[in-house]
Structure formats: structure tokens, C-alpha cells
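>>> Below is the sequence, then the predicted model.
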Protein chains: 4
Amino acid sequence: MLEALKEEIWQANQELAASGLVVGTSGNVSGRDPETGLFVIKPSGVSFADLRPEQMSVVDASGQQVEGPLKPSVDTLSHAYVYRTRDDIQGVVHTHSRYATVFAVLGDDIPVLTTTHAALFGAPIPVSNYAVIGEEEIGKEIVENVGAGTAVLIRSHGVFTIGSDWRKALRSAQYVEECAEVAHLARQVREPEPLADETVAASRDWYLHGYGQKAILSGS
Amino acid sequence: MLEALKEEIWQANQELAASGLVVGTSGNVSGRDPETGLFVIKPSGVSFADLRPEQMSVVDASGQQVEGPLKPSVDTLSHAYVYRTRDDIQGVVHTHSRYATVFAVLGDDIPVLTTTHAALFGAPIPVSNYAVIGEEEIGKEIVENVGAGTAVLIRSHGVFTIGSDWRKALRSAQYVEECAEVAHLARQVREPEPLADETVAASRDWYLHGYGQKAILSGS
Amino acid sequence: MLEALKEEIWQANQELAASGLVVGTSGNVSGRDPETGLFVIKPSGVSFADLRPEQMSVVDASGQQVEGPLKPSVDTLSHAYVYRTRDDIQGVVHTHSRYATVFAVLGDDIPVLTTTHAALFGAPIPVSNYAVIGEEEIGKEIVENVGAGTAVLIRSHGVFTIGSDWRKALRSAQYVEECAEVAHLARQVREPEPLADETVAASRDWYLHGYGQKAILSGS
Amino acid sequence: MLEALKEEIWQANQELAASGLVVGTSGNVSGRDPETGLFVIKPSGVSFADLRPEQMSVVDASGQQVEGPLKPSVDTLSHAYVYRTRDDIQGVVHTHSRYATVFAVLGDDIPVLTTTHAALFGAPIPVSNYAVIGEEEIGKEIVENVGAGTAVLIRSHGVFTIGSDWRKALRSAQYVEECAEVAHLARQVREPEPLADETVAASRDWYLHGYGQKAILSGS
């Protein structure tokens, strides 16, 4: 069942492990099959190096596991919540990347300081309320806070990014960390002035319509 | 004698070297054979790249070497002390990972700022008194300070982690460094509020009973 | 057309990706063919891992694409501006390297604190005004600010380096980041005293005439 | 001439490049042949990736090149000075490693904060006066400042380490950076108390007589 997607999301989780954004067994990538509405996610507490494609969990829209030899990620109900409420999202990534988690600990949004941040996210990266792990609370915080963006910091926890496919969500996770590191280091010197709203809007608009090989879809 | 364990603990030391948590010849992993009570440890002052499985030292519960062509680690008596006083522990890891060592230098516990820290350790990571290297003083500091956790910062020195097997101890060493880095960076901005005790307890309980493929044993 | 240069600049972009100075699809290297005046540049929004040599874009001095299956980098008109106004420059590199971007965010020049900075750049690395992406404004800022040096920080954006060939421009990009990191970390302790102008001039002169296997050309 | 030593010191320079302590063409390792008194050093301005064993320069005690197709390192006369004045030294390593260079920029010795620093160096790592590159001034600063230790920070420049062989000098260069990073990060929180002189002396004595597979010789 969904063998190609299992292989693909297994590969996505390998790329996540290689990205330097996660440690040990933390973090995960899921991807949804648009036809069936089922999604594939990493099993819970398995190290990326030991993970095999056939061990990936297949889960339905309600968060119930429908296939796979192992218990799915503890974040499964939150991924399911995102997929149920956001038809446009087919990939979700979770990390505890260091500098972004610092903002999550402090409860500070990541301010828009660079053209990269403006283009990729179009707004400060918001930090949610605290949410317990294991149920769908984190999913609710993601949907409530993400707005037109693709990334949310979960208070005292880490980062979730979403995208029209997992590759975009994973790329967002990398850029969240880049933006967080630059913002953290800059404010070690002095509180930096965020980019003006018009500048942010213009950069975001340019990115959605002028960057890459075709117009980039909103929300991705 | 214990050829499989020597091969396994040699491999563990290679993983330690690859983890970025150690430099040069510093740091070590040991693992105990539950049947004989003997443990295998890295020889002293040998670089990880030059180390061969057959060079690993076999040591008894009193800290006496019983096999191996080289002198065992200078931390051997401290590993032995831990094994003698803690039947539940079969793996010990030692690093000088950078951010954790900063807390050890300052004499500051690592406060619980994230759900990861709460789940993995269940309490601040404590810093011990200063202890000389070479005898069992460090082992005593580990046992006295570790409580129900798995990690201790040795004052002005580095990190020791323990586990029901060496893989868990090595994973703890990675998470200690992640927690230390996030805590250090956060307090560069302003002193962060630690998570409330109930939140820490709930996260730790959830981790021990809800994370991974089966309940995770207390103390590991 | 220009197959050897396409292969070479493709390789240059792979070295950029391996340098740790760029993330995702950000950053680019271009190189000019001195005979035809055409230059080769990375296509827009393509990840370095997916990029193939035959996908590289060939562009003329006015910034018009003359070959290649994909739309060229959004920075193409700025590269073209640099090549049109600086006959001595045959390579341009763009990164968002972390510490240098912090200086770009704060609007601070990178001061000359080390013999490496003095030798390689001969002056503080200047930060430009803000410039929109997509037209030649960034190119104008580079040419206006670069002076006798090889690197400019684009305000709230990142780094551009130039050289008599792309290898020198790429090396400059690595040294910009090294100088930025040292300068950022030093001023976390206290505001460091820049090297005296005579010391900088002497180091730069020595580098241009005494370092390497032959005199290094000015401006490279 | 000295083919084995050329191969060995070429390999040493490759390990230096892989260590993360150097960037571009910066940094070098030399090693002396105790019989002839000649030493082998990296040629000037050649990138580590392009370097071939047969390109290594052979230099006599006065600093004159006696073999090799390329001009030797600009630091050659300083290496020669060290070898002439210190019979016990057969390896010299030079880096611009980041955190150590921050101390060199600020003119601050690296204080002894950890048992690692105490054991490996036995004293604060001293920072020299400013010295011009290209003659033997840097060599003089090394010899004047190094005392019974193995590392000197050259003011506003970088790090030199010395050893009874190049492996020990290279290991010292790695530990200098570890000690510098821990010390820099610690003082970002508050000025840390250095270890007491007796503690440092005891750790150093223990390291020289109790660590590794045989007593470690003083000065290495």
C-alpha cells in the first residue's frame, strides 16, 4: 500500500537526518497521498539510521494507523489535524533546530530582518502557545498561527513547517533555522530594525511570482 | 574473551567520534556484560581513528584490567564505581561537548527549557563538585548527582551519561549537548523561565510510557 | 556553446554548495568567457543537488539569456552589470553566509581585525544600501561600494564577491565569512580595536606581492 | 630527498584541512627530520585539495629552500626559527581557528577553565605581540611566549602550536580551539573563575605521567 510514497517519505526522513536540523530520534517528515487522503509518517522513537522504508506508518485522515509494523510518530495526530484542515498541504516537517528552538523557548517571533526571510515567509515566524505532545493540540496551534506562511514555532518545543509537498516543507525548515540564526546573532549586538512592511510584502510578492522556474504557489 | 562486546563497544566509540561531541583522544564509551559483570572500555590516550576492536580493555567490577594489550582509560575506576553501585546501568559515555562544558565551567545546572529536555531527563541536568581524574571520585559524583536522570556535568570538566545500554547513554550525551546549546543561547538574550514542575513531570511521564515502540524503562 | 565553461561553473556551484555558505537553492556563482563576453550562471530556484551542467544559463553582457533550458538566476542582471562595468572581473559569487549576513542586517561594515582580513581585503568590508532583487540595483551597489576590494555586503540581504576568476571570488566568499565570524564573536566580548591603517596597508601590499606562487593581481 | 617525510607532512596538511581549523589556503603543518635537520613545509598559497606530496618544500635550518618546485610557505622563516632554537620540537602547526583567533584579536590569554586545558597546556594560552608575516618575527614571538606549553596566539593573527612530532602539534591545535570556544562561551554568561594554580599543576602533572600508553614527554 502506497509503496512509492513510503519510499519517498523514508528518503525525506533521511534528508532530514542529513540536514543537521535533528538529533537522535527527534523530528519527522510526513507526506500525504492526494488521491486516498492517507499520509505516510515516521514511526515513533526509531533512529533515522535504523529506519527502513517498509517500516513507515500509513495513517488515515482521522489519525488512525492503517498499515505499518510499528507505532507511528507521537506527532501523528497533529500531522493529521493539519492535513484535515488544510487541503493545500501535502507535506509536514518537524524539527528542534537549535536557533529556532531558542526563539520558541523565549516565546519570541522571529522578526523579518532579511530579504530571504521576507521572500520565503512574508511575515515574522510566529510562536504558538505551549501544547502537550501526543494529541492534536500541536496541530491546532500550527493551523491557528501559520496564517499565509509555512512555519510555526511551538512554544518551548521546536519547529513545524508545512508545504504543498514535503520538499517545500523541508526547505522551509532549513530557511527557518537560517533566519533564526541570523536574527539571534544580530540581536546579540543590538536590537535590529525589522524590514518595513512594504519591503516585506514586495519581497514576498516577487518571490511568489518571479523566483524559480514558474510562479511559486501561495502557501508553499 | 567478550569478543562480541569488544567489537560492539569499539563501534560505540567510533559513533562517539563521529558525533562531534569529542576531540582528539578525549571521551570514551564503556559497556558492561550483564552475565559476567565485566565491562569493556577504550584504552587511554588512543585516537578513535587508530583504535582497533582487539585493543579494547576488559575490566572487572573493582576496576582491575583483566584483558587487553593497552592501559585502559583514565576514567576506568569511575566507570567501575558507577557499574558497582548501579545494577541497572550497562553503558557509560563521557564527552567534553562544548555547550555542556560551558555549564560545567560556570557551575550552573542546565535548566529545563524544552519539552525535549523534560522528556529525556525529567529535571535540570546537575553539575557536580570538582573531582580529580584517575581515581573513582568522578564515579562518586555521578552516582550522587544523577538522581533519576541519566546525565551529570562534572565541574570544570565535561559530561557523563549513563543508560541501561550504551546506545541510550550515547543518545543522552547528544541530547545533553542540544539542551545545553539551546539554554546557553536563550540566556544570551534574557534569562528564560524554566518549564513548570508539573509540565516537566507530565512530559517525562509521557516519554517513559508513550514514546517509542514500547515503554521506555525509568532511568534510561 | 561554451560547454567547458558551463561544466566549470556547474562545478563552481557544487563547490559553493559544499562550502557551507549557502542553504537550499540560495546563492550562485557565475563566470565570464573573456573572448565572447558571455557569462554562465546558475538557473533560478534549482537546488544544487539537482543541477546538471547542461542546465546552466548562458547570458550576454546586457543580461539577456542566449542559451539554456531554464530561466537564469534572479541575480542575473546584477551579475551582468558588474561584468559590464568591470573588465577585470571574470567571476562573481553570491551567498547568504550567516555571520556576514548579520553585519548586512545591522548595516555595519566588517572592521579589519586580523592579518587575514588585511591581506585578503585591504579595508573594512563595506555594507551597501538596501537594493531590490531582480533588476541591476544590486550590481550597482556592488560596483559603487567594492572599491579596490573584492567583497560587498548587500544591506539586509547577503554577500557578493568578485574576482579575476570564480575561484578567487569563491575563496573571497569563504574569507568574508571567516572575518565576519571572528569580528562578531570579538565584539561580543568588547568592541575590538581595528588594525591601524598602516598595518592594513602593509599586510595588503605584502599579500599582493609576497604571497602565493606569483604576485597576486590587484583586485583579486 | 626525504620522500617519506614529504608524504607524511603532505598527509598532515590534509588532516589539517579536514580538521575544520583552516579555510582556503590558510594554515600549514611542517615537520623536521631529526637526522638532517631539514624540515618539510607546505608551499605558499596552494589549496590543500590541489596539493601533491612531491610539491612539498624542503627547507634547511636557516630557512633556505633546498628542494621543491614551489615557493615555500610565507611562514617558513618563523618555522625555521622555532626549529633552530628548540631542539625538542619536530612539528609546527599554524591555524586561524575561529575562537582562538578571537582571543588573539582581543589580546586576551585563554584562561585555564577546564581539566582538559590544565592537562594539555598547564597554563593560560598566551597571546604574543603583533608580528609581521614573512620574516622570522612570528617565530621569535612563539619561542618567547610558549614557555613550557605548546601553543601561542599571535596577536591579531592566529595560532601556532609546537610538538615533539607534528601529530602532537596538530592535536594541540584542536585542543586550543576547544579551550578557546569553551572560554569564549563561558564569559558570554559571566566572567568565569580560572582553576586554582595547584589544580592546574596537579592536572598537568597527572597528564604527563598518568595519561596515555606511556608517560607523555614534557613540552609535547
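Nice, thanks for sending it over.
>>> what's the burial count for the residue lying closest to A:Glu137 once chain neighbours are set aside?
Distance criterion Cβ to Cβ, 6 or more residues apart in numbering or on different chains; nearest residue to A:Glu137, sequence neighbours excluded, is A:Ala131 at 3.9 Å. Where you see a C-beta, it was placed from the backbone N, CA and C, and this is true even at glycine. A:Ala131: 20 surrounding residues under other Cβ atoms under 10 Å in any protein chain shown.
>>> Over to A:His94: give its phi and psi.
The phi/psi pair for A:His94 (degrees, to the nearest 10) reads phi -130, psi 130.
>>> ok, it touching A:Gly27?
Yes. If you go by Cβ atoms under 8 Å, A:His94 and A:Gly27 touch, sitting 5.5 Å apart.
>>> neighbour count winner among the two?
A direct count of neighbours by other Cβ under 10 Å for A:His94 and A:Gly27 places A:His94 higher, at 28 against 24.
>>> quick one: that one from A:Ile41, how far?
10 Å (Cβ to Cβ, to the nearest Å).
>>> which residues are in contact with both of those two?
Here A:His94 and A:Ile41 share the contacting residues A:28-29, A:75, scored by Cβ atoms under 8 Å, 6 or more residues apart in numbering or on different chains.
>>> joint contacts of A:His94 and A:Gly27?
Shared contacts of A:His94 and A:Gly27 (Cβ under 8 Å, 6+ apart): A:Gly158.
>>> ok so, going back, can you tell me the helix or strand for the residue nearest to A:Glu137?
Under DSSP states H and E, no helix or strand contains A:Ala131.
>>> Report the contact partners of it.
So A:Ala131 contacts A:137-138, A:140-141, A:154-155, A:157 (Cβ under 8 Å, 6+ apart).
>>> cool, A:Phe48 as well?
Contacts of A:Phe48 by Cβ under 8 Å, 6+ apart are A:13-14, A:16-17, A:22, A:25.
>>> Which of those residues fall within helices?
If you go by DSSP state H, those have A:13-14, A:16-17 in helices.
>>> State the number of residues packed around A:Pro69.
The tally of other residues near A:Pro69 (other Cβ under 10 Å) stands at 11.
>>> Report the separation between A:Thr161 and D:Thr25.
A:Thr161 is 39 Å from D:Thr25, by Cβ to Cβ.
>>> The helix or strand encompassing A:Gln174 vs chain D: in contact?
Assigned by DSSP H and E, A:Gln174 belongs to helix A:166-189. No. Judged by Cβ under 8 Å from any Cβ of the partner chain, helix A:166-189 stays clear of chain D, getting no closer than 8.5 Å.
>>> Now do that helix and helix B:166-189, the angle between them.
50 degrees (axes from the mean of the first three to the mean of the last three Cα atoms, to 10 degrees).
>>> can you count the residues close to the residue in chain A that chain C sits nearest to?
Going by Cβ to the nearest Cβ, chain C is nearest to A:Gly212 of chain A, at 2.8 Å. Other residues lying near A:Gly212 total 17 when counted by other Cβ under 10 Å.
>>> wait, it sits on C:Pro43?
No. At 9.0 Å, A:Gly212 does not count as touching C:Pro43 under the criterion of Cβ under 8 Å.
>>> For the two, list the residues in contact with both.
With Cβ under 8 Å, 6+ apart as the test, A:Gly212 and C:Pro43 both reach C:Lys71.
>>> Out of the helices and strands in chain A, which is least certain?
One helix or strand of chain A scores below all others by mean pLDDT, DSSP states H and E: helix A:197-210, with a mean of 94.
>>> for that one, the distance to its chain's centre please.
Centroid separation for helix A:197-210 versus its chain: 21 Å, with Cα atoms, centre = their mean, to the nearest Å.
>>> Put the alpha carbons of it into CSV.
Extracted C-alpha coordinates of helix A:197-210, given in CSV (Å, rounded to 0.1, in the frame of the first residue of the first chain):
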residue,chain,number,x,y,z
ASP,A,197,6.1,46.1,5.9
GLU,A,198,6.0,47.3,2.3
THR,A,199,9.5,45.9,1.8
VAL,A,200,8.4,42.6,3.2
ALA,A,201,5.3,42.5,1.0
ALA,A,202,7.2,43.4,-2.1
SER,A,203,9.8,40.7,-1.5
ARG,A,204,7.2,38.1,-0.8
ASP,A,205,5.3,39.0,-3.9
TRP,A,206,8.4,39.0,-6.0
TYR,A,207,9.3,35.6,-4.7
LEU,A,208,5.9,34.1,-5.4
HIS,A,209,5.8,35.4,-9.0
GLY,A,210,9.4,36.0,-10.0
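>>> and the residue in chain A that chain D sits nearest to, what is it in contact with?
Here chain A gets closest to chain D at one residue, A:Gln188, 8.5 Å apart by Cβ to the nearest Cβ. With contact taken as Cβ under 8 Å, 6+ apart, A:Gln188 is in contact with B:188-189, C:184, C:188.
>>> now do 6 Å
Under the criterion of Cβ atoms under 6 Å, 6 or more residues apart in numbering or on different chains, A:Gln188 has no neighbours.
>>> Compute the distance between it and B:Leu185, please.
Distance of A:Gln188 to B:Leu185, given as Cβ to Cβ: 9 Å.
>>> rewinding a little: pull out the buried positions in the helix holding A:Gln174.
Across helix A:166-189, burial judged by 16 or more other Cβ atoms under 10 Å in any protein chain shown covers A:166-188.
>>> what's the answer for stretch A:64-72, then?
Applying 16+ other Cβ under 10 Å to stretch A:64-72 flags A:68, A:70-72 as buried.
>>> Just name the closest of the residues you listed to D:Lys6, please.
A:Leu70 (54.5 Å; Cβ to Cβ).
>>> re the thing from before, let's verify the residue of chain A closest to chain C: helix, strand, or coil?
On the three-state scheme (DSSP: H, G, I helix; E, B strand; the rest coil), A:Gly212 is labelled coil.
>>> Look up the closest residue to it, ignoring the ones flanking it.
Going by Cβ to Cβ, 6+ apart, A:Gly212 has C:Gly45 as its nearest residue, at 2.8 Å.
>>> Run through the bridge partners of the residue nearest to the spatial centre of chain A.
Computing the C-alpha centroid of chain A and ranking residues by Cα atoms, centre = their mean puts A:Thr161 first, at 1.7 Å. The partner list for A:Thr161 in beta bridges (DSSP bridges) reads A:Val93, A:Ala151.
>>> For it, give me its contacts.
Contacts of A:Thr161 by Cβ under 6 Å, 6+ apart are A:93, A:150-151, A:169, A:172-173.
>>> What distance do you get for the residue of chain A found nearest chain B to A:Thr95?
Going by Cβ to the nearest Cβ, chain B is nearest to A:Gly45 of chain A, at 2.8 Å. Counting by Cβ to Cβ, the separation of A:Gly45 from A:Thr95 is 16 Å.
>>> of the two, who's got more company?
Counted by other Cβ under 10 Å, A:Gly45 and A:Thr95 do not tie: A:Thr95 has more neighbours, with 26 against 19.
>>> got a list of what the more buried one touches?
A:21-22, A:27, A:158-159, A:173.
>>> rerun at 8 Å
Going by Cβ under 8 Å, 6+ apart, the list of residues near A:Thr95 reads A:16, A:21-22, A:26-27, A:158-159, A:173, A:177.
>>> For the residues you listed, work out which two are farthest apart.
Largest pairwise distance in those, by Cβ to Cβ, is 14.1 Å, between A:Ser26 and A:Glu177.
>>> Just the CA coordinates for stretch A:38-55, please, in CSV.
What follows is stretch A:38-55, C-alpha atoms only, in CSV (Å, rounded to 0.1, in the frame of the first residue of the first chain):
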residue,chain,number,x,y,z
LEU,A,38,-3.8,8.8,3.6
PHE,A,39,-0.4,10.0,4.8
VAL,A,40,2.9,8.3,5.5
ILE,A,41,4.9,9.2,8.6
LYS,A,42,8.0,8.1,10.5
PRO,A,43,7.4,5.5,13.3
SER,A,44,8.0,6.7,16.9
GLY,A,45,11.4,6.7,18.5
VAL,A,46,13.3,4.9,15.7
SER,A,47,16.7,6.4,14.8
PHE,A,48,17.0,7.6,11.2
ALA,A,49,19.9,5.3,10.5
ASP,A,50,17.9,2.2,11.5
LEU,A,51,14.7,3.2,9.7
ARG,A,52,13.6,1.0,6.7
PRO,A,53,11.1,2.1,4.0
GLU,A,54,8.8,-0.8,4.8
GLN,A,55,8.6,0.4,8.4
